[in-house]
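Chemist: Sequence first, predicted coordinates after that:
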Amino acid sequence: MLCYNITVRPRKVRWAMTPPPTRPRPCTDPHGGGRHVPYERIALATAICRERGVQMTELRRGILELLWARREPASAYQLMEALKRRDSRPVGPPTVYRALAFLMAQGLVSKIETLNAYLPCAHPERDHDCMFFICQGCRASVEFVDPRITTLLAEHAAVLGFVATSRTVEVEGRCARCAEAGAA
């Protein structure tokens, strides 16, 4: 039997209290080179789960680590294969989908509907709508946050008497690198 005693001190996150930006902000750099698993992001996710009274299991953590290590979104089946290679044990699709559903419910992972793929959320400690720019060339996806878009959607819904249950904003096109390569 394995026992782990992992202690993560909760930190005050000062920047979570700052007012939202007035311009859209990219949350991730699609061409920032090889991505590594940032320990502080995993520690933050674990702390968020603990604070909410839910458990960050080894499988959930493993999926989150794999997503952070990738440069592009991953499908559930890609994650299943990566887990099999990494842990040398098969994991079935229902197990991966349940873990992804949990991570999405906690705001730790976002689903890109047009690709049927998943990305780690850049700001899991804040309640916000995730919006994405998706490159059709390299599949890089950049999450951005712009409260003005969220407000505008809510205002239009209210005028129409529409009650939105979910919002998905995904803009497809070409990133600067792919657009430049296509023009050359």
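Modeler: In hand now; what should we look at? Residues are numbered from 1 along each chain as shown.
Chemist: And the helices in this protein?
Modeler: 39-52, 58-69, 76-87, 93-105, 147-160, 176-183 (DSSP state H).
Chemist: Dump the ones you listed to JSON lines, plus mean neighbour count.
Modeler: All C-beta atoms are positioned from the backbone trio N, CA, C, and that covers glycine. Output for these, formatted as JSON lines (neighbours: other Cβ atoms under 10 Å):
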{"stretch": "helix 39-52", "mean neighbour count": "16"}
{"stretch": "helix 58-69", "mean neighbour count": "19"}
{"stretch": "helix 76-87", "mean neighbour count": "16"}
{"stretch": "helix 93-105", "mean neighbour count": "16"}
{"stretch": "helix 147-160", "mean neighbour count": "12"}
{"stretch": "helix 176-183", "mean neighbour count": "12"}
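Chemist: What's the local residue count around E72?
Modeler: Neighbourhood size, E72 [other Cβ atoms under 10 Å]: 17.
Chemist: The chain should start at 33 in everything you say after this.
Modeler: All right, first residue 33 from here; so that's E104.
Chemist: burial count for the nearest residue to it once chain neighbours are set aside?
Modeler: Leaving aside its sequence neighbours, E104 sits nearest to R171 (Cβ to Cβ, 6 or more residues apart in numbering; 4.4 Å). Using other Cβ under 10 Å, R171 is surrounded by 16 other residues.
Chemist: C207 too?
Modeler: 20.
Chemist: Return the distance of the residue nearest to E104 relative to S198.
Modeler: For R171, the distance to S198 equals 23 Å [Cβ to Cβ, to the nearest Å].
Chemist: one step back: same list (the helices of the chain) but as TSV, adding distance to H155 and mean pLDDT.
Modeler: Formatted as TSV, those follow (distance: least, Cβ to Cβ, whole Å; pLDDT from 0 to 100):
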stretch	distance to H155	mean pLDDT
helix 71-84	10	91
helix 90-101	14	93
helix 108-119	22	93
helix 125-137	14	95
helix 179-192	12	92
helix 208-215	23	86
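Chemist: just so I know, which of those lies nearest I166?
Modeler: helix 208-215 (11.2 Å; Cβ to Cβ).
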